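Participant: sequence first, then the predicted structure, then my questions.
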Amino acid sequence: MSLKSLWTAFYQRLVGGDGQQSLDHEKEAAILHEIEKIVRETDSTILPLNRFRKRILPSVQNAIQYISGLIPQVPGPVDLDPGRWDKDPLLRAMFISREELMDMLQSSKALKRFFRHTNASQAFAMLVADQKEKIFFGTQKDGEIFRRDVPQKAVFFENFKVFAPALELAETHLQVQHLALLTLFRQAFEKITDLESWKNELEKQKDLLEFKLRRSDNSEPVTELNPADAPDNQTQKTLQVLSDINRKLKEIKAELDTPEHRLSHLCSVLKSPGQKLELKTVSLKLSRMGVRLESSSTEPANEFNVAELALGQDLKQAVVWVRAEAKYFLRSL
């Protein structure tokens, strides 16, 4: 059974699409094998834990149910047709010109690869762009009065990327769900890696401070002293910093220092995916210069919907389903 068909069955069964309560043993084992491959690439120490498979599967099911609920919130598909640039408000707002839209299409490695390996005339995909905002002071018309130095917010888009091209939109949905699940795994392990790096840095600082606290007569270090009992202010400050480092090291070790703790952390991320992966549909009304307008504004504007995606603390991204035709790639394939 191919990975694609395995994931199709996985999503359908776990989300309850076919009314069955559980995967059959063969498919469940195959899916868990794929999950273990992800884990093996990032933190293989949690794999030998007793009952790993039974513990991870409910958390994965919860994450997939959450992710599947996000799919309908993404607008589209929008035709990425340079010929429609001046007619589509989303294309006008996102791209400065039809030439910029054409350049984005022809520079997409994902679309090039898809059309190179298929005879398809079109592809469905997800378009993702960094959505940025800039505050500036400009002129605003209020009735018959023009007001100066009014704070305004400009919205613009950059760093366009195309993901998961496929023959059918439903197949793109499936690939994006898979990518979203992988993202949750990676975010969980990134925290583990970050804490491990922080622990190593704190241990280096601890060694350095203990060396500084060693008495000039080469006797044992005075690290066991209470800061209040230190012989001078400098030693007191150093002991206080050392105490803080020891406390933080203890917290880190208690949180993620064992495979058991790491697995628990992974499961907690998958059980609360909304803390790492947020998506909502928003309506934007932008002037021809990209200034965000009130819904009541009568100024000529581009009005459209996008999904705003936030991954942890990263910048906000705009997401839409799109359709692209192969004819724009014939010369570059």
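Facilitator: On my side now, so go ahead.

Participant: in contact with Lys161, which residues?
Facilitator: Applying CB atoms under 8 Å, 6 or more residues apart in numbering to Lys161 gives the contacts Ser108, Ala110, Leu127, Val128, Ala129. C-betas here are computed from N, CA, C, even on glycine.

Participant: give the helix, strand or coil label for Pro75.
Facilitator: Put simply, Pro75 is coil when judged by DSSP: H, G, I helix; E, B strand; the rest coil.

Participant: my guess is it contacts Thr281. True?
Facilitator: Yes: using CB atoms under 8 Å, Pro75 makes contact with Thr281 at a distance of 6.5 Å.

Participant: overlap in contacts, these two.
Facilitator: In contact with both Pro75 and Thr281: Asn305, Val306, Ala307, using CB under 8 Å, 6+ apart.

Participant: and those residues, which of them are buried?
Facilitator: Asn305, Val306, Ala307 (16 or more other CB atoms under 10 Å).

Participant: need these in TSV (columns: secondary structure, pLDDT and distance to Glu34).
Facilitator: Listed next are these as TSV, based on DSSP: H, G, I helix; E, B strand; the rest coil; pLDDT from 0 to 100; distance: CB to CB, whole Å:
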residue	secondary structure	pLDDT	distance to Glu34
Asn305	strand	93	34
Val306	strand	92	31
Ala307	strand	94	27
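
Participant: Leu266: which of those is nearest?
Facilitator: Proximity of those to Leu266 (CB to CB) peaks at Ala307, which lies at 26.2 Å.

Participant: wait, what's in contact with the closest one?
Facilitator: Under the criterion of CB under 8 Å, 6+ apart, the neighbours of Ala307 are Leu70, Gln73, Val74, Pro75, Leu279, Lys280, Thr281, Val282, Ala318, Val319, Val320.

Participant: please report how far the fourth one lies from Pro89.
Facilitator: So that's Pro75. Separation of Pro75 from Pro89 (CB to CB, to the nearest Å): 12 Å.

Participant: quick check: neighbours shared by those two?
Facilitator: Joint contacts of Pro75 and Pro89 (CB under 8 Å, 6+ apart) are Phe304.

Participant: more neighbours: these two, which one.
Facilitator: Pro75 (18 against 15; other CB atoms under 10 Å).

Participant: now the more buried one, what are its backbone angles?
Facilitator: The phi and psi torsions at Pro75 (degrees, to the nearest 10) take the values phi -70, psi 160.

Participant: state the pLDDT value of it.
Facilitator: We note a pLDDT of 94 for Pro75 in this prediction.

Participant: same check on Gln152?
Facilitator: 74.

Participant: on the three-state scheme, it is what?
Facilitator: strand.

Participant: who does it bridge with?
Facilitator: Listed by DSSP bridges, the beta-bridge partners for Gln152 are Phe136.

Participant: outline the domain layout of this protein.
Facilitator: 3-72, 77-177+290-329, 188-271 (automatic domain parsing).

Participant: gap between the two ends of the last one?
Facilitator: Taking CA to CA, to the nearest Å, domain 188-271 runs 11 Å from one end to the other.

Participant: also the second one?
Facilitator: End-to-end distance of domain 77-177+290-329 (CA to CA): 19 Å.

Participant: gap between that domain and the chain center?
Facilitator: 18 Å (CA atoms, centre = their mean, to the nearest Å).

Participant: about what we covered before: go through the contacts of Ala307 and flag which are in helices.
Facilitator: Leu70 (DSSP state H).

Participant: let me know the closest of the contacts of Ala307 to Ala120.
Facilitator: The closest of the contacts of Ala307, once distances to Ala120 are taken by CB to CB, is Val320, at 20.1 Å.

Participant: how about that closest one, what does it touch?
Facilitator: Contacts of Val320 (CB under 8 Å, 6+ apart): Val74, Pro75, Gly76, Pro77, Val78, Leu90, Met126, Leu127, Val306, Ala307.

Participant: want to throw these into a markdown table with distance to Gln187?
Facilitator: Below are the contacts of Val320 laid out as a markdown table (distance: CB to CB, whole Å):
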| residue | distance to Gln187 |
| --- | --- |
| Val74 | 20 |
| Pro75 | 25 |
| Gly76 | 25 |
| Pro77 | 28 |
| Val78 | 28 |
| Leu90 | 29 |
| Met126 | 19 |
| Leu127 | 22 |
| Val306 | 22 |
| Ala307 | 19 |
